[in-house]
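A.B. asks: The amino acid sequence is not available; the structure is as follows:
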């Protein structure tokens, strides 16, 4: 569907309600989000958390999502189930809760999409060729960004992102993977009054939509940038002509003892997204985990294939670095123009598990977009089982990341 949004200025509202009566929570959260608009929204994005106890029956979760869409009366609406939800300046993990984000966006076009994955008849159980995706709406010429919510058990998001990178280079996709408790079949996805039990739902924003996106990978760099001079698949043998472990030791020796211990516990590898850049700054690397350090073999095992000739830089993931990185990335976005609101897709490994506080990321996003505390832009989202967002000119599936779309 396509809707031309006619409001004179961008307005956003958010709502959050917690409690075992999910339908009641849906009504409260939707009412809170709509109260900031004064009119029916053009776009609603919402998140239903069944809680971490005995899973709420699918019918109860579905009823909550359908109630949000019914009350909102939006031109377009998408939603998904999640481990935890975010709105009203709070993060709620492991409890039944509903978060709603509603927006009026002037001169923006909105087109919803609901692609599904299907196994080809006669195909074997393994291999990408066995899966086909139906209903994937390609971006139109005037589309600017896509929001995508995905059931990871029933949709090949990695392959879809890769194909999109090839077919529409530089077109940003942002969103996250559903994570309701219960495994395959437990997630629900919602779009324009309908419920899906698999696949993905999304919305393409075009026209006057100008994407402002921050993808905070939660790491700080240590040591210099180095070229991989010998490697096989994801095992790095040499960095800048020396054994990789020897380079690691050199870098660790430059750190204070407490930081050295943090590095050993949270070591990651940043892979440069543009080999031709004159300099590689903090945001110029795609961060991947270091799976192992083979001291005897002198190699570092990365969480992705790293080719010879690639520029890399070691990274450390810690609480201070994650907060600093998110604030640093949000600064330029607020300088473009004031933020009406934002959608936040935060890893379910961040929240209380990383910061000791489920509110950390939403508070940081609010502070980054409104450092004076005068506007309090509405921010809503969910704790995802994987986050989608662009680094460089390509979209990637991330972990331990906070992906933010600012409107």
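C.D. replies: Arrived safely, thanks for sending. All values derive from a computational prediction rather than experimental measurement. Numbering: from 1, shown residues only.
A.B. asks: shaky segments in the stretch 201-350 of the chain?
C.D. replies: Within the stretch 201-350 of the chain, the ranges that satisfy pLDDT under 70 run 276-283.
A.B. asks: all strands for it, in order.
C.D. replies: 212-216, 219-221, 226-232, 235-239, 242-243, 267-272, 285-294, 299-302, 311-317, 342-347 (DSSP state E, counting those that start in this stretch).
A.B. asks: would you turn the ones you listed into TSV with mean neighbour count and distance to residue 185?
C.D. replies: C-beta: built from backbone N, CA, C; applies to glycine. Formatted as TSV, the strands of the stretch 201-350 of the chain follow (neighbours: other Cβ atoms under 10 Å; distance: least, Cβ to Cβ, whole Å):
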stretch	mean neighbour count	distance to residue 185
strand 212-216	24	30
strand 219-221	22	34
strand 226-232	17	39
strand 235-239	22	37
strand 242-243	16	47
strand 267-272	22	33
strand 285-294	18	28
strand 299-302	22	33
strand 311-317	23	32
strand 342-347	28	23
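A.B. asks: Among the ones you listed, single out whichever gets nearest to residue 12.
C.D. replies: strand 342-347 (8.1 Å; Cβ to Cβ).
A.B. asks: contact partners of the helix or strand just after that closest one?
C.D. replies: Next helix or strand after strand 342-347 toward the C-terminus (DSSP states H and E): helix 351-355. Contact with helix 351-355 is made by 84, 91, 93, 218, 319, 322-323, 357-358, 360-361, 383, 400, as judged by Cβ atoms under 8 Å, 6 or more residues apart in numbering.
A.B. asks: quick check, nearest of these to residue 296?
C.D. replies: residue 400 (28.7 Å).
A.B. asks: now the closest one, nearest residue through space, not along the chain?
C.D. replies: Distances taken as Cβ to Cβ, 6 or more residues apart in numbering put residue 347 closest to residue 400, at 4.8 Å, once the chain neighbours are dropped.
A.B. asks: Go ahead and confirm the one you found touches residue 401.
C.D. replies: Yes. With contact defined as Cβ atoms under 8 Å, residue 347 counts as touching residue 401 (5.6 Å).
A.B. asks: Next, show the common contact partners of the two.
C.D. replies: Common neighbours of residue 347 and residue 401, using Cβ under 8 Å, 6+ apart, are residue 387.
A.B. asks: ok, the residue nearest to residue 400 to residue 144 distance?
C.D. replies: Distance, residue 347 to residue 144, by Cβ to Cβ, to the nearest Å: 25 Å.
A.B. asks: hang on, the earlier thing: residue 218 versus the residue nearest to residue 400, what's the distance?
C.D. replies: Going from residue 347 to residue 218 by Cβ to Cβ gives 8 Å.
A.B. asks: who touches both of those two?
C.D. replies: Common neighbours of residue 347 and residue 218 (criterion: Cβ under 8 Å, 6+ apart): 400-402.
A.B. asks: Residue 367 versus the residue nearest to residue 400, what's the distance?
C.D. replies: Using Cβ to Cβ, residue 347 is found at 19 Å from residue 367.
A.B. asks: How about residue 163?
C.D. replies: 37 Å.
A.B. asks: Break the chain down into its structural domains.
C.D. replies: 2-216+323-406, 219-317 (automatic domain parsing).
A.B. asks: Can you pull the phi/psi pair for residue 185?
C.D. replies: The phi and psi values for residue 185, taken as degrees, to the nearest 10, are phi 90, psi -10.
A.B. asks: Looking at it now. What's its pLDDT?
C.D. replies: Note on residue 185: pLDDT of 91.
A.B. asks: Without its sequence neighbours, what residue ends up closest to it?
C.D. replies: Distance criterion Cβ to Cβ, 6+ apart; nearest residue to residue 185, sequence neighbours excluded, is residue 197 at 6.7 Å.
A.B. asks: you'd agree that neighbour is up against residue 186?
C.D. replies: No. Using Cβ under 8 Å, residue 197 is not in contact with residue 186; the gap is 9.1 Å.
A.B. asks: Tell me the residues that contact both of these two, please.
C.D. replies: residue 58.
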